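Chemist: Got a sequence here, can you build the structure:
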Amino acid sequence: MTGVGIIDVSGDRVSPVYYGAIKAGSGEFTERLGIIFSGLQDLIREYRPDEAAIETVFVAHNAASAIKLGQARGAAVCAALSCELPVADYSPRSVKQAIVGRGGADKTQVQHMVGLLLGIQGPIQNDAADALAVALCHQHTSHTLARMATMGR
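Modeler: Sure, this is the predicted structure:
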């Protein structure tokens, strides 16, 4: 499953546009990568975001899982680039830091803060909450960098 989160930024106001997950099923791995690629392309064409942000792969204990995550991430990056979107990368730690204020926050803390920041009532599926967190981190980082650039003039 690959989480997707699309937000709208209007001034200081941020609101959710779409969030969910692309379910790639249990077929051949290459077919599942194709489902991720085409599913993201379809969502990009439908919602027309200006930019994409993707979480970098976190390598923990299982190298085989990290390789598969890297390939899924590559499919997502290629889908965004094929639709001419610029792509930003954020580490899981930097996303958690931006959303919760602690790089070591757990998933329930991230889900809770994403819900608060976006005014979403009720539970948010894990992968969708992670994707929205990456989108919020990107929005915050972009906004901060833009403000810093204007201060330096």
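
Chemist: Give the helix, strand or coil label for residue 7.
Modeler: In three-state terms, and counting by DSSP: H, G, I helix; E, B strand; the rest coil, residue 7 is strand.

Chemist: What residues sit buried inside stretch 137-153?
Modeler: The neighbour-count check on stretch 137-153 (16 or more other CB atoms under 10 Å) flags 137, 138, 139, 141 as buried. In this view, the C-beta of every residue, glycine as well, is placed from N, C-alpha and C.

Chemist: possible to save those residues as TSV with secondary structure and distance to residue 70?
Modeler: Converted to TSV, these look like this (DSSP: H, G, I helix; E, B strand; the rest coil; distance: CB to CB, whole Å):
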residue	secondary structure	distance to residue 70
137	helix	20
138	helix	20
139	helix	25
141	helix	22
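
Chemist: May I ask which helix or strand encompasses the residue nearest the centre of the chain?
Modeler: The structure's the chain has its C-alpha centroid closest to residue 131; by CA atoms, centre = their mean the separation is 3.2 Å. Per DSSP states H and E: residue 131 is located in helix 126-151.

Chemist: What of residue 70?
Modeler: Following DSSP H and E, one finds residue 70 within helix 63-82.

Chemist: what sits up against that helix?
Modeler: Helix 63-82 is contacted from outside by 2, 29, 32-34, 36-38, 40-41, 44, 52, 54-60, 87, using CB atoms under 8 Å, 6 or more residues apart in numbering.

Chemist: Help me confirm that residue 98 is found in a helix?
Modeler: Yes: judged by three-state DSSP, residue 98 forms part of a helix.

Chemist: I figured it hits residue 136, correct?
Modeler: Yes: applying CB atoms under 8 Å as the test, residue 98 and residue 136 come out as touching, 6.9 Å apart.

Chemist: Neighbour count for the two, which is higher?
Modeler: residue 136 (24 against 20; other CB atoms under 10 Å).

Chemist: and that one, what pLDDT?
Modeler: Predicted confidence (pLDDT) at residue 136: the value is 97.

Chemist: residue contacts, it?
Modeler: By CB under 8 Å, 6+ apart, the contact list for residue 136 reads 7, 14, 98, 99, 114, 117, 118.
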